[in-house]
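Asks: what's the 3D shape of this:
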Amino acid sequence: MSRAGAKQRLMTEMRALQKEKWINFEDDDSGNLLKWRFALMVINSDSAFNGGYFKAEMTFTDDYPYQPPKFRFLIPINHPNIYPDGQLCISILHKPGEDLMSGEEASERWSPLQGAESVLRSVLLLLDDPEINSPANVDAGVMYRDRRKEYDEKARATVERSKQDIPAGFEMPRSFEPAPPPKAENDDDFWAESDEEYDFGGSDTGDDDADEQDNDAGDSDGEGSDEEQEDDD
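Replies: Next comes the predicted model:
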């Protein structure tokens, strides 16, 4: 793909990501499409990094999407799969194709079918679920495995440090789920109990008419009987 083609695709991907709540392009600058700067937000109550606002950058080449981008965090994060310079050890950022040395399958590595969003979502998942069998930071890997409480404390300290980078006026999302629709207003008075009786289709008039007809029939039967008694006499 040509440089122009790479930029066109990156523009499309950036516009889609700008609508997401878990990423913030602070400058909203699309002038340099081959180098993005943004912040990833962790909103997950089960995560040690919950509430984090982590500045990062991703760089692309003219060969994108045939070659993967590069990603790195711009603040230090104590994590088994993050190098001291902020770069990540993650399969999706490795060149396409199977790697017999590492044991990674082609499906785990980069492919042109992937995109920037795939990378960023994988990074967020990695923050919560480290791969400690092949750590970039051995000490963090051991701490995560053997001293989880200490690891979580360091993670919370990193989160608090990251909040200093939240731009003035920016409101951190509390959930990535859309807000529920407004509750319909019910007329409680309509359903309130009342001493009044309501007619839901029956007719009292009809019942009265039936009673009158029964009485008339009874009277007629009685009169007929009297006449017959007179004739007999």
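
Asks: And the strands in the chain?
Replies: 23-24, 35-41, 53-59, 70-73 (DSSP state E).

Asks: wait, Pro130 sits on Gly141?
Replies: Yes - counting by C-beta atoms under 8 Å, Pro130 does reach Gly141; the two are 7.2 Å apart. No exception for glycine: its C-beta is placed from N, CA and C like everyone else's.

Asks: what sits in contact with each of those two?
Replies: Pro80 (C-beta atoms under 8 Å, 6 or more residues apart in numbering).

Asks: Report pLDDT for Ala6.
Replies: In the predicted model, Ala6 carries a pLDDT score of 88.

Asks: which ones are touching Arg72?
Replies: Ala56, Glu57, Asp85, Gly86, Gln87, Leu88.

Asks: for Leu88, same thing?
Replies: Phe71, Arg72, Phe73, Asn81, Ile82, Val123, Leu126, Ala136.

Asks: want to throw those into JSON lines with distance to Gly115 and pLDDT?
Replies: Output for the contacts of Leu88, formatted as JSON lines (distance: C-beta to C-beta, whole Å; pLDDT from 0 to 100):
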{"residue": "Phe71", "distance to Gly115": "13", "pLDDT": "97"}
{"residue": "Arg72", "distance to Gly115": "18", "pLDDT": "97"}
{"residue": "Phe73", "distance to Gly115": "20", "pLDDT": "98"}
{"residue": "Asn81", "distance to Gly115": "21", "pLDDT": "96"}
{"residue": "Ile82", "distance to Gly115": "22", "pLDDT": "97"}
{"residue": "Val123", "distance to Gly115": "13", "pLDDT": "96"}
{"residue": "Leu126", "distance to Gly115": "17", "pLDDT": "94"}
{"residue": "Ala136", "distance to Gly115": "24", "pLDDT": "95"}
